[in-house]
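Coordinates for the following, if possible.
(one chain, ligands or ions: 1)
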Amino acid sequence: MGAMEDLRVTQCTRCPKLVESRSRIVNGTGPEDADVLFVGEGPGANEDEQGEPFVGRSGSVLDDQLRTVGLDRETVRITNCVRCRPPENRDPTTEELENCRGYLETEIDRLDPDVIVTLGKVPTEHLLDRSVSVTKEAGSVEEIRIEGTPRRLLICVHPAATLYDRSQEETFADAIERAAELADVDGSEGGQTRLDGF
Ligand code: URA
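Below you'll find the predicted structure:
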């Protein structure tokens, strides 16, 4: 069973293992009309503790790069494929991903973003429904359908990849720059606002 209010899941017990391992449900954060939606895999220890996606080391990497391209964390939306922390930070199972998929689709549908940026292999494969080498395909844009509506998806490596492998830094940076371009941050009407000049 699960319940969603606005873009927040307030209660859910669909995944017994995750109900056991979580301290709370970690919902997406950011404006409900953001132009860019980042989708990660699932909460880690820091996210589970603080109740917000990408607040640990991966979050700092993401925040830094957002700032570099003139986007601000406060202006984008950030969510995950699963909203409860898997035990020992294992990947979510196919069943857990499916259990949580409706919440993600509802969030995408209501947000209506210009671009969805998948951070890492799990969200990319989950939303594209095929196997993906994110390192090779980072920066490419594909169309997916969510609740019948075509959506632009930009593939990106997970920010944590840059911590383990320095050569991923440029791949990550380039993909985030592309996200900013797709959200039209340079200022034409209706686009995401750049921080330049502030
Ligand atoms: N990694 C993710 O995929 N999601 C988070 O929220 C934090 C780290």
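
Where does the prediction get shaky in this structure?
Low-confidence regions of the chain, defined by pLDDT under 70, span residues 1, 185-198.

Please list the residues of it that sit near the ligand.
40-44, 47, 53-54, 58, 80 (CB under 6 Å from any ligand atom). Using the backbone N, CA and C atoms, a C-beta is placed for each residue, glycine as well.

So which of those sit within helices?
Cross-referencing the residues of the chain next to the ligand against helices under DSSP state H gives 47, 58.

Just put the residues of the chain next to the ligand in JSON lines and tack on neighbour count and distance to residue 14.
As requested, those are exported to JSON lines (neighbours: other CB atoms under 10 Å; distance: CB to CB, whole Å):
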{"residue": "40", "neighbour count": "28", "distance to residue 14": "19"}
{"residue": "41", "neighbour count": "25", "distance to residue 14": "17"}
{"residue": "42", "neighbour count": "26", "distance to residue 14": "14"}
{"residue": "43", "neighbour count": "31", "distance to residue 14": "16"}
{"residue": "44", "neighbour count": "22", "distance to residue 14": "20"}
{"residue": "47", "neighbour count": "23", "distance to residue 14": "19"}
{"residue": "53", "neighbour count": "29", "distance to residue 14": "19"}
{"residue": "54", "neighbour count": "26", "distance to residue 14": "23"}
{"residue": "58", "neighbour count": "23", "distance to residue 14": "25"}
{"residue": "80", "neighbour count": "27", "distance to residue 14": "15"}
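
Inside strands: which ones of the residues of the chain next to the ligand?
Using DSSP state E, the subset of those located in strands is 40, 80.

Report the beta-bridge partner residues of the residue most central in space within the chain.
When CA atoms, centre = their mean is applied to the chain, the residue found nearest the centroid is residue 39 (1.4 Å). For residue 39, the beta-bridge assignment (DSSP bridges) gives partners residue 79, residue 118.

and it, what does it touch?
Residue 39 sits next to 79-81, 104, 116-119, 123, 127 when contact means CB atoms under 8 Å, 6 or more residues apart in numbering.

Contact partners for the closest residue to residue 85 other than its chain neighbours?
Nearest residue to residue 85, sequence neighbours excluded (CB to CB, 6 or more residues apart in numbering): residue 48, at 3.9 Å. Contact analysis of residue 48 by CB under 8 Å, 6+ apart lists 22-24, 26, 84-85.

Give me the buried subset of those.
The neighbour count (16 or more other CB atoms under 10 Å) marks 22, 26, 84-85 as buried among the contacts of residue 48.
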